[in-house]
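Participant: Here's a sequence, model it:
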Amino acid sequence: MKKILDNVKGDKVIWSVIVILSLFSLLLIYSTTDRLAMQYNSSTFKYMVSQAFYLCLGLLVIYIFHRMKYTTFMKWSVYLYLASIPLLIYTLFFGTELNSGSRWIAIPFVGLTIQTSDLAKLAIFTFLARQLSLKQKIVNDFWKGFFFPILMPVLIICGLIAPANLSTALLLGVTCCILFFIGRVPIKYILLLAVAGVLLMLTIFGVSKLTGKGRGATWQKRVEVFFDNTKADADDTYQTDQANIAVANGGLTGRGPGNSYAKNYLPHPYSDFVFAIVIEEYGLIGASLVIFCYLLLLWRSINIFRRCPYAFGAFLSLGLSFTLVFQAFINMAVAVHLVPVTGQTLPFISKGGSSIVFTAVAIGIILSVSRYVDAMEGKQQLVKQVQKEQEEALANEA
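Facilitator: Numbering: from 1, shown residues only. As a prediction, this is how the structure comes out:
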């Protein structure tokens, strides 16, 4: 164990954040799976053990990926991007619909399902970091430096995700716009992506309404309910009503672990609305700790970005951290009724298997960049120390 801990490198604060979120996850999964256990004649302990397994697997994945050279992901990024396109197309037409519209595919022979948009998120941000780092000198050239090498890949991935999972596509689009801005892409080009995204969304919505297929009606209802729930049916506002009750019951210190009432009524208290249970059981204090953890993750990743001397590593750490933290804040905003229902989970807290693994890969890559930066700064410090000692020795001899 000591040998393993000695080999744990990278930002220790990020490691600590992941451990804290994992502990929160175990407590919440044990608390919120009562109804699920009754439905399948099982026990909450079984679901907690399953979550513990995936969290431990996630920590192992983080460890493995953080020990790899981050430049390896530059080579992988093209293959990941190319592999994600046919997977998204397959999911769009043949995927399994679970939990109100999230599209999944089943892995043969092992009985597991994965959400292909999770893989696509990794693919697009590793690929985008690669492209931005390679095209820095010609990024002002619209066709050669931006449209074909940078904008088109983003539009393809977001366009394939949007019909089944609009919130994820919007999340990716917004994060990409931020990366474009940091990557010195001209503002007019970024606005072009925003306009293209709106047109793409309207096209998908229009086709869905005309054909009666897709999730256009669901999106429309969610937005209408959010802005005016007085005319909505009780079933349409049920989730948000129960989440509001949970938030109201939380107070400053909460009802205590396992004492939530809303968990017995919320459809998905262990995933989409898990933050409402955090507030009810742990109060404003517990909720603030969770928020602080995600902000700390973002701050440490920005610190890695600022210290990394190479564009690929800098863009990589920032892009992956932005999408994870934005996803977390969207989930939390839904729970407190600040935005319409999206179906986004809370990274490293919500119940899940493949989502934890893909999140772990992203964290591992961020820590890989951090490990490189720490090692490089350590060498520079050592060189400075040796030079200082040599200068002092020469001065003493003189």
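
Participant: Now do the helices in the stretch 251-398 of the chain.
Facilitator: Using DSSP state H, counting those that start in this stretch, the helices of the stretch 251-398 of the chain run over residues 274-307, 311-335, 354-397.

Participant: Nearest the middle, which residue of this protein would you pick?
Facilitator: Leu324 (2.7 Å; Cα atoms, centre = their mean).

Participant: any chance of the helices of the stretch 251-398 of the chain in JSON lines, plus mean pLDDT?
Facilitator: Listed next are those as JSON lines, based on pLDDT from 0 to 100:
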{"stretch": "helix 274-307", "mean pLDDT": "96"}
{"stretch": "helix 311-335", "mean pLDDT": "95"}
{"stretch": "helix 354-397", "mean pLDDT": "79"}
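
Participant: Just name the most buried of the ones you listed.
Facilitator: Compared across those, helix 311-335 shows the largest average neighbour count, a mean of 24 (mean count of other Cβ atoms under 10 Å). Using the backbone N, CA and C atoms, a C-beta is placed for each residue, glycine as well.

Participant: Give me the buried stretch members for stretch 76-84, please.
Facilitator: Trp76, Ser77, Leu80, Tyr81, Ser84 (16 or more other Cβ atoms under 10 Å).

Participant: Touching that stretch from outside, list them.
Facilitator: Residues outside stretch 76-84 that contact it (Cβ atoms under 8 Å, 6 or more residues apart in numbering) are Thr116, Leu119, Ala120, Leu122, Ala123, Ile124, Thr126, Phe127, Ala129, Arg130, Pro153, Ile157.

Participant: if we go to 7 Å?
Facilitator: When contacts are defined by Cβ atoms under 7 Å, 6 or more residues apart in numbering, stretch 76-84 is touched by residues Leu119, Ala120, Leu122, Ala123, Ile124, Thr126, Phe127, Arg130, Pro153, Ile157.

Participant: Kindly report the same for stretch 24-43.
Facilitator: For stretch 24-43, contacts defined as Cβ under 7 Å, 6+ apart pick out 44, 47-48, 51-52, 55, 257-258, 260, 263-264, 269-270, 274, 277-278, 281, 290, 348-349, 351.

Participant: what's the span of that stretch, first residue to last?
Facilitator: Across stretch 24-43, the terminal residues are separated by 19 Å (Cα to Cα, to the nearest Å).

Participant: Give me the distance between it and the centre of its chain.
Facilitator: For stretch 24-43, the separation from the chain centroid amounts to 23 Å (computed by Cα atoms, centre = their mean, to the nearest Å).

Participant: Identify each buried residue in that stretch, please.
Facilitator: Phe24, Ser25, Leu27, Leu28, Ile29, Tyr30, Ser31, Thr32, Thr33, Asp34, Arg35, Leu36.

Participant: between the residues you listed, which is closest to Leu134?
Facilitator: Among those, Ser25 lies closest to Leu134 (Cβ to Cβ), at 37.7 Å.

Participant: which element follows the helix or strand where the closest one lies toward the C-terminus?
Facilitator: Assessed by DSSP states H and E, Ser25 sits inside helix 12-32. Downstream of helix 12-32, the next assigned helix or strand under DSSP H and E is helix 34-39.

Participant: gap between the helix or strand containing Trp104 and the chain center?
Facilitator: Assigned by DSSP H and E, Trp104 belongs to strand 102-107. Relative to the chain's own centre, strand 102-107 is displaced by 18 Å; criterion: Cα atoms, centre = their mean.

Participant: elements contacting the helix or strand that that strand is followed by?
Facilitator: Of the helices and strands lying after strand 102-107 in sequence (DSSP H and E), the nearest is strand 112-114. Counting by 3 or more Cβ pairs under 7 Å, 6 or more residues apart in numbering; DSSP states H and E, the packing neighbours recorded for strand 112-114 are strand 102-107.

Participant: other SSEs contacting the strand it packs on?
Facilitator: Secondary-structure packing of strand 102-107 (3+ Cβ pairs under 7 Å, 6+ apart): helix 72-94, strand 96-98, strand 112-114.

Participant: Export the ones you listed to a markdown table and append columns for mean pLDDT and distance to Leu192.
Facilitator: As requested, those are arranged in a markdown table below (pLDDT from 0 to 100; distance: least, Cβ to Cβ, whole Å):
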| stretch | mean pLDDT | distance to Leu192 |
| --- | --- | --- |
| helix 72-94 | 91 | 21 |
| strand 96-98 | 68 | 33 |
| strand 112-114 | 78 | 32 |
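
Participant: coming back round to it: and the residue nearest to the centre of the chain, what does it touch?
Facilitator: Leu324 neighbours (Cβ under 7 Å, 6+ apart): Pro347, Thr359, Ala362.

Participant: and the first one, backbone torsions?
Facilitator: Phi and psi for Pro347, reported as degrees, to the nearest 10, are phi -50, psi 130.

Participant: Wait, it touches Phe326, no?
Facilitator: No. Taking contacts as Cβ atoms under 7 Å, Pro347 lies outside contact range of Phe326: 10.1 Å.

Participant: can you give me the helices in the stretch 51-200 of the chain?
Facilitator: Secondary structure of the stretch 51-200 of the chain by DSSP H, counting those that start in this stretch: the helices cover 72-94, 116-134, 152-161, 166-182, 187-211.

Participant: can you tell which of the ones you listed is closest to Gly319?
Facilitator: Closest among the helices of the stretch 51-200 of the chain, using Cβ to Cβ: helix 116-134, at 4.0 Å.

Participant: residues making contact with that closest one?
Facilitator: Residues outside helix 116-134 that contact it (Cβ under 7 Å, 6+ apart) are 73-74, 76-78, 80-81, 84, 87-88, 91, 105, 149-150, 153-154, 157, 161, 165, 168, 172, 176, 179, 183, 311-312, 315-316, 319-320, 323, 354-355, 358, 361-362.

Participant: Just give me the neighbour total for Lys121.
Facilitator: Residues near Lys121, counting by other Cβ atoms under 10 Å, number 26.

Participant: any idea how far it lies from Asn7?
Facilitator: Going from Lys121 to Asn7 by Cβ to Cβ, to the nearest Å gives 28 Å.

Participant: got the contact list for Phe45?
Facilitator: Counting by Cβ under 7 Å, 6+ apart, Phe45 touches no other residue.

Participant: do that again at 10 Å, thanks
Facilitator: Neighbouring residues of Phe45 by Cβ atoms under 10 Å, 6 or more residues apart in numbering: Tyr30, Thr33, Ala37.
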